[in-house]
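**Student:** Provided below are the primary sequence and the corresponding predicted coordinates.
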Amino acid sequence: MLKEHRIKEIENYVMKNENVSIDKLCSLFNVSKNTIRRDIAELEKKGLIKKVYGGITLNKKMDTIPFQEREIKNKGAKQIIAREASKLIQDGDIIFIDSGTTTMHIIPFLSNKKNLTIITNNVNVIVNSFPYENLNVLATGGSLYRKTNSFIGIEAINFLKSYNISKCFMASTGVSIEKGITNSSSFEFEIKRFVTSQSNKVILLADNSKLEKVSLMTYCNLEDIDTFITDGNVSKKYTDFFLENNIELIISDNYQKK
């Protein structure tokens, strides 16, 4: 098994079981303790795990705010942003809807779309799509990460490799010019990075409170997005940046085109 694949599998195992001994990992992956210790060092750098006596345990300091609690915060603004995002979706599109408390609100605004394919790793997006028979929904599969109600892991990434995504609608924990688009979960990082690198058009949905915030990991540079949808005021620092980098800015119902 290749090192990268093995580390991903260790990550999935820790996510499911929360803690595991070094001896157990050596047995599972049929490698030496020195090899496992090097793999553990890689995961520790990402902030994913903590070393304990004889093994490792999940770093529970990450993503401590429950998904339901985050979904309630600024819900009205999130619904308005999602409505604006839905206007960019056309019949026949193949889109990816990211795991997030803003992106999940796009679904009710797609009831009149035809021949639309939605790819997602988010349970809420899947469930919200049930009433709309016009929506063709493809779920990535993978390991369920309950903190964000999303599927993660190498299985999800391998699934995504099979599809051409015309537009991806992404969420974030923080947005800044210096650090780009950041996310608090190392579990979701690889999926977000892969999707944004493969999609024809990257659309970021973030309420105004996310601006000038930096979270754990950068999955995309700000200049690499095509459209930024938000609410409220956006400082001149950002409007100038978007203009210089040919990024479309949408504020609620008011469009500032490229």
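**Tutor:** Happy to help now that I have it. Numbering: from 1, shown residues only.
**Student:** which regions of the stretch 1-150 of the chain lie under the pLDDT threshold?
**Tutor:** The model of the stretch 1-150 of the chain has pLDDT under 70 over residues 1, 15-16, 46-48, 60-74.
**Student:** all strands of it, in order?
**Tutor:** Assigned by DSSP state E, counting those that start in this stretch, the stretch 1-150 of the chain shows strands spanning 19-21, 49-52, 55-58, 94-97, 116-120, 135-139, 143-145, 150-152.
**Student:** So for residue 207, which of the ones you listed sits nearest?
**Tutor:** Closest to residue 207 of those is strand 94-97 (CB to CB; 16.8 Å). Every residue, glycine included, has its C-beta placed from N, CA and C.
**Student:** Can you give the strand pairings for that closest one, parallel or anti for each?
**Tutor:** Paired neighbours of strand 94-97 in the sheet (DSSP bridges): strand 116-120 (parallel), strand 167-170 (parallel).
**Student:** Just the CA atoms of the first one, as CSV, please.
**Tutor:** C-alpha atoms of strand 116-120 as CSV (Å, rounded to 0.1, in the frame of the first residue of the first chain):
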residue,chain,number,x,y,z
LEU,A,116,-29.7,19.0,-13.4
THR,A,117,-27.2,16.7,-11.8
ILE,A,118,-26.1,17.4,-8.2
ILE,A,119,-23.0,15.8,-6.8
THR,A,120,-22.5,16.1,-3.0
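**Student:** about what we covered before: looking at the strands paired with strand 94-97, which is buried most?
**Tutor:** Ranked by mean neighbour count, the strands paired with strand 94-97 are led by strand 167-170 with a mean of 25 (mean count of other CB atoms under 10 Å).
**Student:** pLDDT of that strand, averaged?
**Tutor:** Mean per-residue pLDDT for strand 167-170: 98.
**Student:** before we move on, the earlier item: reformat the strands of the stretch 1-150 of the chain into CSV and put distance to residue 39 next to each item.
**Tutor:** Shown next, in CSV, are the strands of the stretch 1-150 of the chain (distance: least, CB to CB, whole Å):
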stretch, distance to residue 39
strand 19-21, 12
strand 49-52, 10
strand 55-58, 10
strand 94-97, 29
strand 116-120, 30
strand 135-139, 29
strand 143-145, 18
strand 150-152, 18
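**Student:** if we can go back for a sec, just send the strands paired with strand 94-97 back as TSV, with distance to residue 153 too.
**Tutor:** Formatted as TSV, these follow (distance: least, CB to CB, whole Å):
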stretch	distance to residue 153
strand 116-120	15
strand 167-170	19
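**Student:** So which residues of the chain form helices?
**Tutor:** Under the criterion DSSP state H, the chain contains helices at 3-17, 22-29, 33-45, 67-72, 75-86, 123-128, 154-160, 186-198, 236-244.
**Student:** which one of the ones you listed lies closest to residue 206?
**Tutor:** Nearest to residue 206 among the helices of the chain is helix 75-86; the distance by CB to CB comes to 7.7 Å.
**Student:** Identify the residue nearest residue 108 in space, chain neighbours excluded?
**Tutor:** Of all residues beyond its chain neighbours, the one nearest residue 108 is residue 128 (7.1 Å), with distances taken as CB to CB, 6 or more residues apart in numbering.
**Student:** mind listing what the one you found touches?
**Tutor:** If you count contacts by CB atoms under 8 Å, 6 or more residues apart in numbering, residue 128 has them with 104, 107-108.
**Student:** Quick one: closest of the strands of the stretch 1-150 of the chain to residue 206.
**Tutor:** Closest among those, using CB to CB: strand 94-97, at 14.6 Å.
**Student:** returning to what we had before: with respect to residue 89, which of the contacts of residue 128 is nearest?
**Tutor:** Nearest to residue 89 out of those is residue 107 (CB to CB; 10.8 Å).
**Student:** correct me, but that closest one touches residue 130?
**Tutor:** No. Assessed by CB atoms under 8 Å, residue 107 is found out of contact with residue 130, at 9.5 Å.
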